[in-house]
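K.L.:
Build me a structure from this.
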Amino acid sequence: MGVPDSVYIIADIEGSSGCWSYEGSQFRTMEWAAACVEMSRDIHAVAAALFDAGVSSVYIKDFHRTGYNLLPELIDDRARVIHGYRRGPVPGIGGTFGSHSLLMIGMHAASGSDGFLAHTLTSRIARLEVNGRLMCEAEFFSSSLAGFGLRPLFLSGCPVACRQAQEALPGIRTCAIEKSGSREIFDHHEWRRRLSESAVESLGGSSAVPFRPQGPFEARVTMRDGEEEALTLARRWGVDRSGNVLYLQADVIEDLYLSLIRISYFTPAIERILPLGLVLFNAMGRAGLSWVRRVARRRDFFK
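P.N.:
Below you'll find the model as predicted:
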């Protein structure tokens, strides 16, 4: 199989070369501002390498927290950066622009594992088991995009995130970033060289196919803040509970994903006004990214 005409990238921050602490993933911290700059440079390296390899179109979905972390001015201007969240056709993501190749850059491991800043959807979920095993975000992203023909070809992130992707997504290629050493001695140039080369290599000859896991699905969702939070959520959404564990069932993974999104982010009232909520949330994201630019210029992060 040759180089695809169009590539779709989902970008997260925890597995990027700029995020080295919890504060680096948090909205409007100095560490986050620095992480946004380095995350953008990681994505630039990948996008430029894809274009050099013959890819015609590269779409980049910013998918961390507010959806406004990437600085387009630091990224190859041939690529299209897509900020913010959309209701559909793919929840949160929106459209796929005809792409059939999926790359996930800067990902993290699943809730309940020992990866770097591991979580699934939200850190409020201490552990997520589906049919008896941990499930990571890469599986939810890949399955939600499978109906549009996207094949999960590549993932980068911490070693645990890479191992989980390899176990769950047949044919995927991974590139692990190691953060056990000091941030001060981390070689960003070498990391981006390895990351971009691995991403390009994933385009050819992969055995990956659209990820369509077969149900039914039974999920155990362990809430980090204990029994009281689980009780509130169980009553709110009408799901079964025991202690601090919620129990979800679904015949198809898309329904399970939507249930987890509701538990993680919504109340019934918020869901009813979701279009307005997305407008306000995206406005907050744009304001946050403007703040990043001001901080980055003042602190000379662009050097």
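K.L.:
Just the terminal-to-terminal distance for stretch 18-37.
P.N.:
The first residue of stretch 18-37 is 7 Å away from its last residue (Cα to Cα, to the nearest Å).
K.L.:
Just the buried positions in it, please.
P.N.:
18-20, 24-25, 31-37 (16 or more other Cβ atoms under 10 Å). Where you see a C-beta, it was placed from the backbone N, CA and C, and this is true even at glycine.
K.L.:
And the furthest pair within the residues you listed?
P.N.:
Greatest spatial distance among the buried residues of stretch 18-37 (Cβ to Cβ): S25 and V37, at 14.2 Å.
K.L.:
Tell me which stretches of this protein form helices.
P.N.:
Applying DSSP state H to the chain gives helices spanning 30-52, 137-146, 159-168, 188-201, 227-237, 253-265, 268-272, 274-299.
K.L.:
Those into JSON lines, with extra columns for distance to I125 and mean pLDDT?
P.N.:
Shown next, in JSON lines, are these (distance: least, Cβ to Cβ, whole Å; pLDDT from 0 to 100):
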{"stretch": "helix 30-52", "distance to I125": "21", "mean pLDDT": "98"}
{"stretch": "helix 137-146", "distance to I125": "11", "mean pLDDT": "97"}
{"stretch": "helix 159-168", "distance to I125": "15", "mean pLDDT": "98"}
{"stretch": "helix 188-201", "distance to I125": "28", "mean pLDDT": "98"}
{"stretch": "helix 227-237", "distance to I125": "10", "mean pLDDT": "98"}
{"stretch": "helix 253-265", "distance to I125": "7", "mean pLDDT": "96"}
{"stretch": "helix 268-272", "distance to I125": "18", "mean pLDDT": "94"}
{"stretch": "helix 274-299", "distance to I125": "20", "mean pLDDT": "96"}
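K.L.:
can those helices go into a markdown table with extra columns for distance to A176?
P.N.:
Output for these, formatted as a markdown table (distance: least, Cβ to Cβ, whole Å):
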| stretch | distance to A176 |
| --- | --- |
| helix 30-52 | 14 |
| helix 137-146 | 14 |
| helix 159-168 | 4 |
| helix 188-201 | 10 |
| helix 227-237 | 33 |
| helix 253-265 | 26 |
| helix 268-272 | 37 |
| helix 274-299 | 27 |
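K.L.:
Which of those helices sits closest to I60?
P.N.:
Nearest of the helices of the chain (Cβ to Cβ): helix 30-52, 5.9 Å.
K.L.:
any idea of the angle that closest one forms with helix 274-299?
P.N.:
Note on geometry: by axes from the mean of the first three to the mean of the last three Cα atoms, to 10 degrees, helix 30-52 and helix 274-299 are set 100 degrees apart in direction.
K.L.:
Just the angle for helix 30-52 relative to helix 188-201, thanks.
P.N.:
With the same axes, to 10 degrees as the basis, helix 30-52 and helix 188-201 are set at 40 degrees to each other.
K.L.:
Check which helices and strands helix 30-52 sits against.
P.N.:
The helices and strands touching helix 30-52, judged by 3 or more Cβ pairs under 8 Å, 6 or more residues apart in numbering; DSSP states H and E, are strand 6-11, strand 57-62, strand 101-107, helix 188-201, helix 274-299.
K.L.:
Out of the ones you listed, which is closest to S259?
P.N.:
helix 274-299 (15.4 Å).
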